[in-house]
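Student: fold the following for me, if possible:
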Amino acid sequence: MSLTPTEEDYGLNNTNANNNAFVANNTPNNNTIRTVNNSNSNNNGHPTRISKCWSKTKSEARLLRVLLIVLILANLPKNIGNYALYPFTIFSTWIHESCHGIAALLVGGKVQWLKIYANTSGLTMTIINPTKFNGSFVSSAGYCGTAITGGILLLFRKIPWASRCLMVLLGTIMIVSVIVYVRNVFGMVSVSILSGIFFLGSYFLNNFWIMEVLAFVAAATCLNSIMYISYLFGQSQGSVGGELRSTDAYAMQLYTGVSRYFWATLWMLLSLFMVTVGIFCGFQGTRNSGGEEKNTDTDRDDTISDKDDGAKPNGNTSIISTSTDTAPFTTTVEIV
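Tutor: Residues are numbered from 1 along each chain as shown. Just a heads-up that it's a prediction; the model follows:
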């Protein structure tokens, strides 16, 4: 009987078996690399919309906490919260009046003096060329400048070194304004105290607290600018230093012929816009040994480990490790 040779006789089966074994051995095992935060990703490994929203919420934990505190203090009965927020209101008034003075200087005018009163009102005496543009520019600078300043402070609230530099810068400008322009006792004393607090805070506070303080100052400034503007809808005059004086919105009406309600609304929209920009476009900081965060996207994978404790990665394995404690948020890829 003649036998027909089979594939085994020629070694074909063994070759296929070896090839299958080679493919099997080189096929990545889905269980080889394990991560902890798979629940925050979809099947393609991309973060889900829920995880992104949760990351954003956690990233704004500082600001949300500060805004909650400010809102609670502002609405406490018997003006209890107003006493707690009083220093920040004085700071906002100083920003407002200083912006009037800066605007006057920009149009070629002069600043005679600046006064801040105990009832949180303020007044800046300027000398400018009495054109409609100059008058409008100087009159609108107070509310616009306060809104823009609050937005800028919000932008840098997550960066420790920038927060510290801004505190020093604000303290320096305040003390210079006291020496050059502020001309009433209460204004000189209150602004000098605030300047000293800013200097001491920038020197003694660690990175966590310096960002907390700047976030609080920024939030209070933004909210004060909005609340001040809401006051403009009700009155055309206000008590400043014991005297009735026209509001900035009413001054704009006199210069332009456009209703003060239009200008109050425009300034309100600018304030809300700057708050939005400051919240959603804030710059990210770095994480240092004290535990401050570089950025606040806190969904991070834990150290990747092999499924079997004793297993070693093969030649095609990429080990990715993300630091979570003391180093900046950097991802290191090592090919072994």
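
Student: in which helix or strand would I find N134?
Tutor: For N134, the host element (DSSP states H and E) is helix 132-155.

Student: list the buried residues for that helix?
Tutor: Neighbour-count burial for helix 132-155, counted by 16 or more other C-beta atoms under 10 Å, picks out 134-155. For glycine as for every other residue, the C-beta is placed from the backbone atoms N, C-alpha and C.

Student: count of residues packed around G241?
Tutor: Residues lying near G241 (other C-beta atoms under 10 Å) number 15.

Student: likewise the one 3 residues further on?
Tutor: Neighbour count of L244, defined by other C-beta under 10 Å: 10.

Student: for it, which three-state class applies?
Tutor: strand (DSSP: H, G, I helix; E, B strand; the rest coil).

Student: on the strand side of things, show who it bridges to.
Tutor: Counting by DSSP bridges, L244 forms beta bridges with S239.

Student: counting by contacts, list what the helix holding N134 packs against.
Tutor: Under the contact criterion of 3 or more C-beta pairs under 8 Å, 6 or more residues apart in numbering; DSSP states H and E, helix 132-155 touches helix 80-106, helix 207-232, helix 248-256, helix 260-280.

Student: which one of these lies nearest to T172?
Tutor: With C-beta to C-beta, the closest approach to T172 among the helices and strands packed on helix 132-155 belongs to helix 80-106: 12.7 Å.

Student: for stretch 116-132, give the mean pLDDT please.
Tutor: When pLDDT is averaged along stretch 116-132, the result is 93.

Student: start to end distance for it?
Tutor: For stretch 116-132, the first-to-last residue distance is 26 Å (C-alpha to C-alpha, to the nearest Å).

Student: name the residues of that stretch that come out as buried.
Tutor: 116-117, 120-124, 126, 128.

Student: how about residues contacting it?
Tutor: 86, 89-90, 93-94, 96-98, 100-101, 104, 107-115, 134-135, 138, 182, 184, 186-187, 190-191, 238-241, 245, 255-256 (C-beta atoms under 8 Å, 6 or more residues apart in numbering).

Student: nearest to A219 among the buried residues of stretch 116-132?
Tutor: Comparing the buried residues of stretch 116-132 against A219 with C-beta to C-beta places T120 closest, at 17.2 Å.

Student: now do the SS call for the closest one.
Tutor: Strictly by three-state DSSP, T120 counts as coil.

Student: could you measure from it over to Y86?
Tutor: Counting by C-beta to C-beta, to the nearest Å, the separation of T120 from Y86 is 7 Å.

Student: one more: R260?
Tutor: Relative to Y86, and taking C-beta to C-beta, R260 is found at 28 Å.

Student: out of those two, which sits in the busier spot?
Tutor: Using other C-beta under 10 Å as the criterion, R260 and Y86 rank with R260 on top: 21 against 14.
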